[in-house]
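S.K.: quick one, fold the following:
(chains A and B)
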Protein chains: 2
Amino acid sequence: MGKVFVNIGLSLDGYMAPEGMSLENWDNPTYKNWAANWGALMGWVFNLQYFRDNLKLGPGGETGPINDMIRYTTERIGVSIMGKRMFEGGERSWPEDAPFHTPVFVLTHEKRVPWVRPGGTTFYFENRGILAALDQAKIFAGERDIRIAGGADVIQQYLNAGLVDELEIALAPVIFGGGRRLFENVSNSIPSFKIDRVLGTPLATHLRYVRA
Amino acid sequence: MGKVFVNIGLSLDGYMAPEGMSLENWDNPTYKNWAANWGALMGWVFNLQYFRDNLKLGPGGETGPINDMIRYTTERIGVSIMGKRMFEGGERSWPEDAPFHTPVFVLTHEKRVPWVRPGGTTFYFENRGILAALDQAKIFAGERDIRIAGGADVIQQYLNAGLVDELEIALAPVIFGGGRRLFENVSNSIPSFKIDRVLGTPLATHLRYVRA
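M.R.: Numbers count the residues shown, from 1 in each chain, chains lettered A, B, ... in the order given. Predicted coordinates for the structure are as follows:
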C-alpha cells in the first residue's frame, strides 16, 4: 500500500509561500517582491538536472544526492492531490505537458470533466472532500505513493485527519515575515512524527519525518 | 568583538514554548499538558552530561558531539539578555546558584538593584530598552559572546533591529498546534542568514545560521 506524503519548501519562519504570491498578482512579480522571495525559497531546486529536465527548462544542471532525492520523490508519486487555488496557479504556469505525468486530484466545488494533458497528466476534479479524494487516489496509485501537494489548507486538512504518513520539508534560510504558513490550524492531537533523515546542503536543509 | 546569538529549541511548527506554559500555570504542569510538551521539545538536552552537571541534576549523562556543542555554546556566553517573563519563570525553577555563572541582563520596567547569586550569576535589571542592554552587555562580555536568551518578544526585537549575528535552533519533531511562536512580528527586511552547520540526531536537528 502506498504512503501519503507531503513534500514542501519552507522558509525558516515557517511559510510555504511568501506574501503577495497569489493568482491576482501572477503577472505582477514585483508585488511585495513575491517572485524573488519564492525564488530564494526554492533556489535549491531550479538548477537540479532532474527538475530542469522535467520542467523542460533546458539541458544540464546539477547531479548528486539532492538530484537523486528529487528524482526518487517525483518517481514514487502515483497520484498528487491539490487544492483549487494551487491548480489555478499551476494552470497558468505549467508547460502544456504538465509536470506530473500521473493522475492529479483537484479538490474543488467546481464540477468539471477530467482534463487530459499530453505527457500522461490527467486532472480529476473532486467535489466530495479530502477522504473521497484519497480513496480514489489510492485506487489510481496502486503500489505507488500519494503526494498531498498543497496548498497549506489542504495539507492542514490531511494532517488533522491523521492521514499523512511522511512529511518532507526543504527548509531554506530565508525569513519572509509573512505569507502562507504551513503549520496553522493544526491540531495538537495529530499523530506524532519522528526524524527519519536530514540532508544538509548550502541552500536548504532537507528534513524527512515519518509517523512515529 | 563578541557575537550576538540566539539559541533556542523549536517545535516543527515553530513554537518555542507550548500553549499553557506560563507563570500562572507553573504549579499546574498538566494544564494543557504543557510540561509534557516542553519535555518533548527539550528532551534532547536533559540527558546530556554537561547539562546535567550544570543544573545539578546528578552525575552521568551522554557525552559526544551534542554534549560538546552544548558545552561550547554555554562557555562562549559572556552575558545573557532575557525578558522579564523568562526571568520570573526561571526565578522559580533555577537552583540557588543559577545556571548562568555570568552577568544576566533582564529587560524590565521594574527598578531593582542587581541580584547576586552564588556561583557567579548576577542579574542586572535594565530599564532602558534593548539597545542600552546590548551596549552594557558588550562591555561586560569583553571577547565573549552575548546570548539573547528569550522570550520570543525579546528575540524578535533584536532580530528586527538587525542585531542578531547567529541563530541556533534545535528543531524537535513535535507539533504543538499552538503556543509561543519564535518567528512572529518579524520584519521581512531583517538581514539575511545563511546555513552554517546542521547536526542531525534522533531527537532534534541542530541548525546553525549566521549572517549572510
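S.K.: any residues touching stretch A:175-187, and which ones?
M.R.: Outside of stretch A:175-187, the residues within contact range by Cβ atoms under 8 Å, 6 or more residues apart in numbering or on different chains are A:8, A:10-19, A:21, A:37, A:41, A:151-153, A:155-156, A:159-160, A:169, B:12-14, B:175, B:177, B:183, B:186-190, B:192-193. C-beta here means a position set from N, CA and C on the backbone, and glycine is covered the same way.
S.K.: mind running it again at 7 Å?
M.R.: With Cβ atoms under 7 Å, 6 or more residues apart in numbering or on different chains as the test, stretch A:175-187 has contacts from A:8, A:10-19, A:37, A:151-152, A:155-156, A:159-160, B:13-14, B:175, B:177, B:183, B:186-188, B:190.
S.K.: out of those residues, which are buried?
M.R.: A:8, A:10-19, A:37, A:151-152, A:155-156, A:159-160, B:13-14, B:175, B:177, B:183, B:186, B:188, B:190 (16 or more other Cβ atoms under 10 Å in any protein chain shown).
S.K.: just the ones of those residues in helices?
M.R.: Mapping these onto helices (DSSP state H) picks out A:37, A:152, A:155-156, A:159-160.
S.K.: contacts with chain B among those, please.
M.R.: Restricting those to those touching chain B (Cβ under 7 Å from any Cβ of the partner chain) yields no residues.
S.K.: what is the nearest of those to residue A:121?
M.R.: Taking Cβ to Cβ as the measure, residue A:121 lies nearest residue A:155 of these, at 20.7 Å.
S.K.: around chain B, pick out the residues from chain A.
M.R.: So far as Cβ under 7 Å from any Cβ goes, chain A lies against chain B at A:13-14, A:173, A:175-178, A:183, A:186-188, A:190, A:193-195, A:198, A:200, A:202, A:205, A:207, A:209.
S.K.: name the residue closest to the centre of chain A, please.
M.R.: residue A:149 (3.3 Å; Cα atoms, centre = their mean).
S.K.: tell me the contacts of it?
M.R.: Going by Cβ under 7 Å, 6+ apart, residue A:149 touches A:80-82, A:86.
S.K.: which helix or which strand is home to it?
M.R.: Element membership for residue A:149, per DSSP states H and E: strand A:145-150.
S.K.: and that strand, average pLDDT?
M.R.: Per-region confidence: strand A:145-150 scores 97 on mean pLDDT.
S.K.: next one: that strand to chain centre, how far?
M.R.: Chain-centre distance of strand A:145-150: 7 Å, with Cα atoms, centre = their mean, to the nearest Å.
S.K.: in chain A, which spans are helices?
M.R.: Applying DSSP H to chain A gives helices spanning A:34-46, A:49-54, A:65-75, A:84-93, A:130-141, A:152-160.
S.K.: contacts made by the fourth one with the rest, please.
M.R.: When you say that, I think you mean helix A:84-93. Helix A:84-93 has contacts (Cβ under 7 Å, 6+ apart) with A:23, A:26, A:106-108, A:123, A:149-151.
S.K.: picking up where we left off before, just the residues of chain A next to chain B: which are in strands?
M.R.: Judged by DSSP state E, strands contain the following of these: A:193-195, A:198, A:200, A:205, A:207, A:209.
S.K.: tell me the buried residues within the residues you listed.
M.R.: The neighbour-count criterion (16+ other Cβ under 10 Å) marks A:193, A:195, A:198, A:205, A:207, A:209 among those as buried.
S.K.: out of those, who's nearest residue B:143?
M.R.: Once Cβ to Cβ is applied, the member of those that ends up nearest residue B:143 is residue A:205, at 30.5 Å.
S.K.: quick one, what contacts that closest one?
M.R.: By Cβ under 7 Å, 6+ apart, the contact list for residue A:205 reads A:171, A:198, B:195, B:198, B:207.
S.K.: need the nearest residue in space to residue A:210, chain neighbours excluded.
M.R.: residue A:196 (4.5 Å; Cβ to Cβ, 6 or more residues apart in numbering or on different chains).
S.K.: related to what we said a few turns ago, in CSV, list the contacts of residue A:205 along with distance to residue B:73 and pLDDT.
M.R.: Converted to CSV, the contacts of residue A:205 look like this (distance: Cβ to Cβ, whole Å; pLDDT from 0 to 100):
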residue, distance to residue B:73, pLDDT
A:171, 21, 98
A:198, 19, 97
B:195, 17, 98
B:198, 15, 97
B:207, 13, 98
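S.K.: distance to residue A:101 added to those residues, as JSON lines?
M.R.: JSON lines is the format used below for the contacts of residue A:205 (distance: Cβ to Cβ, whole Å):
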{"residue": "A:171", "distance to residue A:101": "27"}
{"residue": "A:198", "distance to residue A:101": "29"}
{"residue": "B:195", "distance to residue A:101": "32"}
{"residue": "B:198", "distance to residue A:101": "32"}
{"residue": "B:207", "distance to residue A:101": "34"}
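S.K.: greatest separation within these: which pair is it?
M.R.: Farthest apart among the contacts of residue A:205 - using Cβ to Cβ - are A:198 and B:195, which lie 11.9 Å from each other.
S.K.: picking up where we left off before, with only the CA atoms kept, save the strand holding residue A:149 in PDB.
M.R.: Provided in PDB are the C-alpha atoms of strand A:145-150 (Å, rounded to 0.1, in the frame of the first residue of the first chain):
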ATOM      1  CA  ASP A 145       2.600   6.800  -3.200                       C
ATOM      2  CA  ILE A 146       0.300   9.800  -2.900                       C
ATOM      3  CA  ARG A 147       1.600  13.300  -2.600                       C
ATOM      4  CA  ILE A 148      -0.500  15.900  -0.900                       C
ATOM      5  CA  ALA A 149       0.900  18.800  -3.000                       C
ATOM      6  CA  GLY A 150      -0.800  21.800  -1.300                       C
END
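S.K.: residue A:9 pairs with what?
M.R.: In this entry, residue A:9 is beta-bridged to residue A:170, by DSSP bridges.
S.K.: wait, it sits on residue A:44?
M.R.: No. Assessed by Cβ atoms under 7 Å, residue A:9 is found out of contact with residue A:44, at 8.0 Å.
S.K.: overlap in contacts, these two.
M.R.: Counting by Cβ under 7 Å, 6+ apart, the shared contacts of residue A:9 and residue A:44 are A:170, A:172.
S.K.: all set now, cheers.
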